[in-house]
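Kindly return the folded structure for what I paste below:
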Amino acid sequence: MGIYHGIHGTSEKDKYFSELVTEYKGYLMAVILPIIRDPDYSQDVLQETFWQAYRSFNSFRGGNIKIWLARIATNKALDWHRKHKQLKNEIAASSLTDFKQALCSSAEEEYLRSKAESRLLRKLENLPPVYRDTLKAYLFEGKSYNNIANDAGIKVKTVESRLYRARQILKNNLKEEV
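A predicted model of the protein is given here:
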């Protein structure tokens, strides 16, 4: 029997869960924020935490609900952190800044660097507009995922997906050229 075995009907469950959200949102934000280190993303993870808790509520068998919610929040935050770090590293690996950081000591190296940079810019222009615009906003304008999402009226997950796809297309296009 779950924690709310005496609650009958969806509206009673929703009311009870709403009270849990009100009671524990501050505590869970304090659990999430040190892992995520960004208030906007932490809010997203907090929502995911409560959504997961709501979906899993029937399986909660009692005990300390605060610890149960904190465990969900910690797992969601760690998942987000791993995914975000991996995606950011992948995008950075193919970014224009990598070309600029490779400072050249000879005229030949400078020429080769500028050719590679030009090639990347040409390939970037060949990307479908949604991927090109998203990648340019992230790499050249220095916008965060949240800023890009807000400007485009899309979800942060969509930004992540577009950046990943843009990188994959660029990578494949550069391989074809070699």
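
Quick check, central residue of this protein?
Centroid check for the chain by C-alpha atoms, centre = their mean gives His84 as the closest residue, at 4.7 Å.

Okay, and that residue sits in which element?
In this structure, His84 is located in helix 65-93 according to DSSP states H and E.

That helix packs against which elements?
Where contact means 3 or more C-beta pairs under 8 Å, 6 or more residues apart in numbering; DSSP states H and E, helix 65-93 is packed against helix 10-36, helix 39-56, helix 129-139, helix 156-177. (Each C-beta comes from the backbone N, C-alpha and C, glycine too.)

average model confidence for that helix?
The average pLDDT within helix 65-93 is 80.

can you check stretch 133-153 too?
85.

Buried residues in that stretch, which are they?
Asp133, Thr134, Leu135, Lys136, Ala137, Tyr138, Leu139, Lys143, Tyr145, Asn146, Ile148, Ala149 (16 or more other C-beta atoms under 10 Å).

What confidence value was assigned to the closest residue to Trp68 other than its chain neighbours?
Among residues not flanking Trp68 along the chain, Phe60 sits closest, at 6.0 Å (C-beta to C-beta, 6 or more residues apart in numbering). With respect to pLDDT, Phe60 scores 81.

Phe60: how many residues sit nearby?
14 (other C-beta atoms under 10 Å).

Could you do the one 10 residues further on as well?
By the criterion of other C-beta under 10 Å, Ala70 has 18 neighbours.

Excluding chain neighbours, give the residue nearest to it in space.
Ala70 sits nearest to Val31 (C-beta to C-beta, 6+ apart), 5.2 Å away.

List the contacts of that neighbour.
For Val31, the contacting residues are Ala70, Ala73, Thr74, Ala77, by C-beta atoms under 8 Å, 6 or more residues apart in numbering.

Swap in 7 Å and give it another go.
With contact set as C-beta atoms under 7 Å, 6 or more residues apart in numbering, Val31 has these partners: Ala70, Ala73, Thr74.

Looking at these, spot the one nearest Val45.
Ala73 (7.3 Å; C-beta to C-beta).

Would you confirm that the closest one contacts Leu28?
Yes: Ala73 is within contact range of Leu28, at 4.6 Å (criterion: C-beta atoms under 7 Å).
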